[in-house]
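In: can you look at this prediction? I've put the sequence above it.
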Amino acid sequence: MKNIVITGGAGFIGSHVVRLFVNKYPEYNIINIDKLTYAGNLANLKDIENKPNYKFVKMDICNFDAFYQLMQDEKVDGIIHLAAESHVDRSIKDPFTFAHTNVMGTLSLLQAARLYWESLPEKYDKKRFYHISTDEVYGALEITAPAGIEAPFSTKATSGCYHEAYGKEFFSETTRYNPHSPYSASKASSDHFVRAYHDTYGMPTIVTNCSNNYGPYQFPEKLIPLFINNIRHRKSLPVYGKGENVRDWLYVEDHARAIDTIFHNGKIAETYNIGGFNEWKNIDLIKVLIKTVDRLLGREEGEDMNLITYVTDRLGHDMRYAIDSRKLQMELGWEPSLQFEEGIENTVKWYLENQEWIDDIISGDYEKYYEEMYDD
């Protein structure tokens, strides 16, 4: 059996990756390690928690001794590293936590993996350290499209060429790093450590940088689940600045499929960008959310547009992110499976049908339940 550790597996993206690997690879042992901070919720994995090839271990990735012991006990062959502090607003208020978790936590995992794998007769043979990062490390792109352009459902034509939706530039794997927030700076630093461990020690590493994810089980402080819930309860929708900032949106299950593909078939020491070919201005995305929620709740479509409230812009708010995923598409054959219309419809339906999941998070009940189960 292959023994695979997935860090941050109780979080939004991590839980989708854990579920995919547990269900798709019954011959693997999947060890999910998560500190269960506010964003970690084992309720995300209730459907697979009793599978024979799944194990959960509550652990802080900064605890080097504990992780090194786990590497030995579980005879770990591969690591898929998703655990991270990831909310930009929180990083602005508390940069130390982001530096500690994202930089020192990654370094702890790297060093433990190196020491264990180098102790084996086969050393790094058939081993892999896969680090998931963000497009935010690249900085920001300018919006050069004419004002008033309508939001496209896709920035990728069927020919594989890109529409110039909001600008001619896209982040590629060779784009210079230029992080603008404590969050993106911490992720950029962790990326450098991963690559340095390959260059220095020969560790088999891979780094991927992904665009904004959306879909089920996302912690409801993030834009899409927060606004879906607010629209449902007719609460204010606070929009930074004028809502002109552009993001590339990727359905989370498509991201999980990309991780699976890259983990098994990606080239060692390579970087792959994972994007949705799906750029939207924040304000246009919010209007689509309002119309979709209203329609699914039986309201007049668009009647809740008055909930939009413009607030002071976020500090250091990058104007545009746009990922060029052609390397991943051409070399490994991956591309998004869902058009945005279908992905956003599925997402809104899921949150409307799982109000109890959201209520447990807002009330904090989910944390109390798992604190009792995994009492330190």
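Out: Ah, there it is. Given the structure is predicted, the values throughout are model-derived calculations rather than measurements.

In: quick one, helices of the stretch 1-150 of the chain?
Out: For the stretch 1-150 of the chain, the helices defined by DSSP state H, counting those that start in this stretch cover 12-24, 64-74, 88-93, 95-98, 105-118.

In: okay, those, which one's buried deepest?
Out: Neighbour counts (mean count of other Cβ atoms under 10 Å) averaged over each of the helices of the stretch 1-150 of the chain peak at helix 12-24, with a mean of 23. For the C-beta atoms, the positions are set from N, CA and C on the backbone; glycine is no exception.

In: give the next helix or strand downstream of the helix or strand containing residue 249.
Out: Residue 249 belongs to strand 246-251 when assigned by DSSP states H and E. Following strand 246-251 in sequence order, the next helix or strand is helix 252-265 (DSSP H and E).

In: show me the contact partners of the strand holding residue 249.
Out: 135, 143, 155, 166, 210-215, 274-282, 285, 319-323, 336-338, 340, 343, 346-347 (Cβ atoms under 8 Å, 6 or more residues apart in numbering).

In: same question, stretch 218-235
Out: Here stretch 218-235 has contacts from 11-12, 38-39, 41, 87, 214, 236-237, 252, 282, 285-286, 289-290, 293-294, 297, 304, 307, 347-348, 351-352, 355, 358, 361-362, using Cβ under 8 Å, 6+ apart.

In: which of the residues you listed are buried? Put it as a ChimeraX command.
Out: This is the ChimeraX syntax for the buried subset of those, where burial follows 16 or more other Cβ atoms under 10 Å:
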select :11,12,39,41,87,214,237,252,282,285,286,289,290,293,294,304,307,347,348,351,352,358,361
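
In: about what we covered before: I'd like the helices of the stretch 1-150 of the chain laid out as a markdown table, including distance to residue 178 and mean pLDDT.
Out: Shown next, in a markdown table, are those (distance: least, Cβ to Cβ, whole Å; pLDDT from 0 to 100):
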| stretch | distance to residue 178 | mean pLDDT |
| --- | --- | --- |
| helix 12-24 | 24 | 98 |
| helix 64-74 | 31 | 98 |
| helix 88-93 | 15 | 92 |
| helix 95-98 | 17 | 96 |
| helix 105-118 | 20 | 98 |
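
In: possible to save the ones you listed as a markdown table with distance to residue 201?
Out: What follows is these, written out as a markdown table (distance: least, Cβ to Cβ, whole Å):
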| stretch | distance to residue 201 |
| --- | --- |
| helix 12-24 | 26 |
| helix 64-74 | 15 |
| helix 88-93 | 29 |
| helix 95-98 | 26 |
| helix 105-118 | 6 |
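
In: for residue 186, which of those helices is the nearest?
Out: Within these, the stretch nearest residue 186 is helix 95-98; the backing value is 4.4 Å (Cβ to Cβ).

In: just the pLDDT for residue 318.
Out: The model reports residue 318 with a pLDDT of 89.

In: pLDDT below threshold where in this structure?
Out: 1, 145-165, 365-376 (pLDDT under 70).

In: which parts of it are strands?
Out: With strands called from DSSP state E, the chain shows them at 2-7, 28-34, 54-58, 78-81, 128-134, 205-210, 212-214, 237-240, 246-251, 271-274, 279-281, 308-311.

In: returning to what we had before: nearest to residue 80 among the helices of the stretch 1-150 of the chain would be which one?
Out: Going by Cβ to Cβ, the one of the helices of the stretch 1-150 of the chain nearest residue 80 is helix 12-24, 6.4 Å.

In: quick one: buried residues of the strand holding residue 249?
Out: For strand 246-251, burial by neighbour count (16+ other Cβ under 10 Å) applies to 246, 247, 248, 249, 250, 251.

In: give me phi/psi at the closest residue to the third one other than its chain neighbours?
Out: This means residue 248. Setting aside the residues directly before and after it, residue 248 is nearest to residue 211 in space (Cβ to Cβ, 6 or more residues apart in numbering), at 3.9 Å. With angles defined as degrees, to the nearest 10, residue 211 shows backbone torsions of phi -90, psi -180.

In: okay but residue 211 is in contact with residue 275, surely?
Out: Yes: with contacts counted by Cβ atoms under 8 Å, residue 211 reaches residue 275, the gap being 4.4 Å.

In: between the two, what contacts are shared?
Out: Contacts common to residue 211 and residue 275, judged by Cβ under 8 Å, 6+ apart, are 135, 248, 250, 322, 323.

In: what's the most distant pair in those residues?
Out: 250 and 322 (11.8 Å).

In: between these two, what contacts are shared?
Out: Shared contacts of residue 250 and residue 322 (Cβ under 8 Å, 6+ apart): 211, 275.

In: and residue 285, what does it touch?
Out: 151, 223, 224, 247, 249.

In: skipping adjacent residues, who's closest to residue 83 in space?
Out: In space, and not counting its chain neighbours, residue 83 is closest to residue 8: 3.2 Å by Cβ to Cβ, 6+ apart.

In: wouldn't that neighbour be in contact with residue 40 here?
Out: Yes: with contacts counted by Cβ under 8 Å, residue 8 reaches residue 40, the gap being 7.3 Å.

In: which one of those two is surrounded by more residues?
Out: Legend: neighbour count by other Cβ atoms under 10 Å for residue 8 and residue 40, higher for residue 8 (28 against 23).

In: who's in contact with that one?
Out: 14, 34, 40, 81, 82, 83, 84.

In: max pairwise distance over the residues you listed: which two?
Out: Across those (Cβ to Cβ), the longest gap, 14.7 Å, separates 40 and 81.

In: tell me which of the helices of the stretch 1-150 of the chain lies nearest to residue 267.
Out: Residue 267 sits nearest to helix 105-118 of all these, at 18.6 Å, using Cβ to Cβ.

In: compute the inter-axis angle for that closest one and strand 205-210.
Out: If you take axes from the mean of the first three to the mean of the last three Cα atoms, to 10 degrees, helix 105-118 sits at 150 degrees to strand 205-210.
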